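J.: no FASTA, just this:
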């Protein structure tokens, strides 16, 4: 996260007054350690994402204080100087991270592993990463497969957008108010109103199944935390004004006030730790989105009050410990580097899990953060670089060079792109429309095959569709394809409990209508990924391998066979391939990817087929996609599985076509 650098003694006063409050560096250190622990897989920090609100409150407090202090001294705010200081503080380290991560993606990762990386990097560079990730449907709390190493830059974008707009707001309010006293009261009222409006908007937009990434990443919905910091700055500046003093760090007067403000700070610390321990980003109750973020911001504000107003009290003393202050000092670089470290130093690369992996990630992050601070950040801040408007030219050149690196580093050959292209996203329109069957009237002598099932059914069929006619098959599906047969809810997908596809329980109606309207000779059913999740069934969590769940899955599959064969079609049940949808933050594999679960599902599929001779046939998809009996992403030099470890690529469809299409044709001709 961004930091406000406090100049050395003798230079322009800081936002808090004429002396530096090192405890605020300790506040940054606490926030950083929590968010790093959350990302690195410390399970008891399930609400660690809330620690970003500490950064936001602190930024709102310090930046508003700087702006008010400048206006009070000079009766104006020099916007160009403010924005240049922000650029000097933020850009150098960010440019280095973007170049380094781009080079890693280009030369150390398989082509196409991060298909949206170019826009991720550019949106990080120009500070609209939060909105880009919202639009591109990223899921911060339930990501599957390869994680973008720049996901965390969404928070920098929110802050930079604040830095761009808020000085204009402060300047306008102070100017229109005519006196500083009226202006600060108006700004206080505006900050309170804005914080409440942001919190209310988040609460109103939240509902079960809502896009929580939109709520969490949105500048409008997350502005509440920064504005709480602005409220704090206005309030504490007013206290200082009544005392005839500058700044916004009033010392507590009298023993009673010292005790009271110490208790306020301790309550803020307790609230922060309690929320961090008890909350989750996808909380079913929605508490975090219905006031939880505001409560987190208020807790952070209370902690800051305790640290600033009682500077020899227990909170300030604890937060002023040298190791914690140092962590806070290098926290910007550490924040920039920690997420790429998390992505690249995973369990697969290091062979480590748990505490060992955690230690390596922390060590690597702070080595890079120290280098960033002492070699890049501090020399720029304390030197003469970028101190005047003339710096715009070299700064623009460096930004342009970074853009060139990002763009050139994400260029791939057409062959490489095709190898990992997801179907149907990269399929051409003609292939997609050909697959979306409306009737089989023009099939002629070809065997008509309708594909249904979950999203793997979609990618397998799209990849094979261009070759179907060659093997005497007319292959098609319907756009609602995407659900398996298991519908017990809620389910647990990568630790996210909920209902990702509310319409899936209506699959019996969909499929009944499909076979009644289209009269296919064969219906291919591909399921797997959504069958092996943990689901809430009969009052407890169950999965494939539990007798009760196996009986449930069998019954649902029998129902599917009955519906799909109701108009005389033969049913081709595809066995499920193995999955590798990533690893847990601590380096361990996800339970839902366990090969034993897929093996259990395939036994159920085989048993159901055996009970319906002449009606149901088995297509051994797992044998072809996992020829070695384990998850396989590349076969004969071709990438056959997408980076999410679930779906097939277009190249995978080309590989499967000569193996599966003849089997489907044979099923249709023997029916």
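T.: Perfect, thanks for sending it. Just so we're clear, the structure is a prediction, and the values are computed from it rather than from any experiment. Numbers count the residues shown, from 1 in each chain.
J.: Run a quick neighbour tally on residue 253.
T.: As a burial measure, residue 253 scores 10 neighbours (other Cβ atoms under 10 Å). In short, each C-beta sits where N, CA and C put it, glycine included.
J.: need the contact list for it.
T.: With contact set as Cβ atoms under 8 Å, 6 or more residues apart in numbering, residue 253 has no partners.
J.: Confirm that it sits in a strand.
T.: No - the assignment for residue 253, made by DSSP: H, G, I helix; E, B strand; the rest coil, is coil rather than a strand.
J.: what about it, distance to residue 243?
T.: With the distance defined as Cβ to Cβ, to the nearest Å, residue 253 ends up 9 Å from residue 243.
J.: And this protein, what are its domain boundaries?
T.: 23-412, 416-478+506-528+543-646 (automatic domain parsing).
J.: And those: which comes nearest residue 492?
T.: Closest to residue 492 of the domains of the chain, according to Cβ to Cβ: domain 416-478+506-528+543-646, at 7.8 Å.
J.: Please give the centre-to-centre distance between the helix or strand hosting residue 400 and its chain.
T.: Here residue 400 sits within helix 392-409, counting by DSSP states H and E. In terms of Cα atoms, centre = their mean, to the nearest Å, the centre of helix 392-409 is set 26 Å apart from its chain centre.
J.: now for it, which elements pack on it?
T.: Secondary-structure packing of helix 392-409 (3 or more Cβ pairs under 8 Å, 6 or more residues apart in numbering; DSSP states H and E): helix 79-107, helix 117-125.
J.: so of the ones you listed, which one's packed in deepest?
T.: Mean neighbour count (mean count of other Cβ atoms under 10 Å) peaks for helix 117-125 among those, with a mean of 22.
J.: contact partners of the helix or strand following it?
T.: Per DSSP H and E, the first helix or strand lying C-terminal to helix 117-125 is helix 129-135. Outside helix 129-135, the residues within contact range by Cβ under 8 Å, 6+ apart are 119-120, 123, 140, 150-151, 153-158, 211, 213-214, 217-219.
J.: Point out where the stretch 351-500 of the chain drops to low pLDDT.
T.: Low-confidence segments of the stretch 351-500 of the chain (pLDDT under 70): 384-391, 412-434, 479-482.
J.: now the strands for it?
T.: Secondary structure of the stretch 351-500 of the chain (DSSP state E, counting those that start in this stretch): strands at 447-453, 473-477, 491-493, 496-498.
J.: Show me the shaky parts of the stretch 201-350 of the chain.
T.: Low-confidence segments of the stretch 201-350 of the chain (pLDDT under 70): 281-285.
J.: Okay, residue 393 and residue 25: tell me how far apart.
T.: Using Cβ to Cβ, residue 393 is found at 33 Å from residue 25.
J.: quick one: which of these two has more around it?
T.: A count of neighbours by other Cβ under 10 Å puts residue 25 above the other of residue 393 and residue 25, at 21 against 8.
J.: quick one: contacts for the nearest residue to the more buried one once chain neighbours are set aside?
T.: Nearest non-adjacent residue to residue 25, counting by Cβ to Cβ, 6 or more residues apart in numbering: residue 328, 3.4 Å away. Residue 328 makes contact with 3, 24-30, 32 under the criterion Cβ under 8 Å, 6+ apart.
J.: how about 6 Å then?
T.: With contacts defined as Cβ atoms under 6 Å, 6 or more residues apart in numbering, the neighbours of residue 328 are 25-26, 28-29.
J.: returning to what we had before: out of the strands of the stretch 351-500 of the chain, nearest to residue 46?
T.: Smallest distance to residue 46 across these (Cβ to Cβ): 11.6 Å, for strand 496-498.
J.: between whichever helix or strand comes after the closest one and strand 473-477, how many degrees?
T.: Sequence order places helix 507-518 as the next helix or strand after strand 496-498, per DSSP H and E. Interaxial angle, helix 507-518 versus strand 473-477 (axes from the mean of the first three to the mean of the last three Cα atoms, to 10 degrees): 140 degrees.
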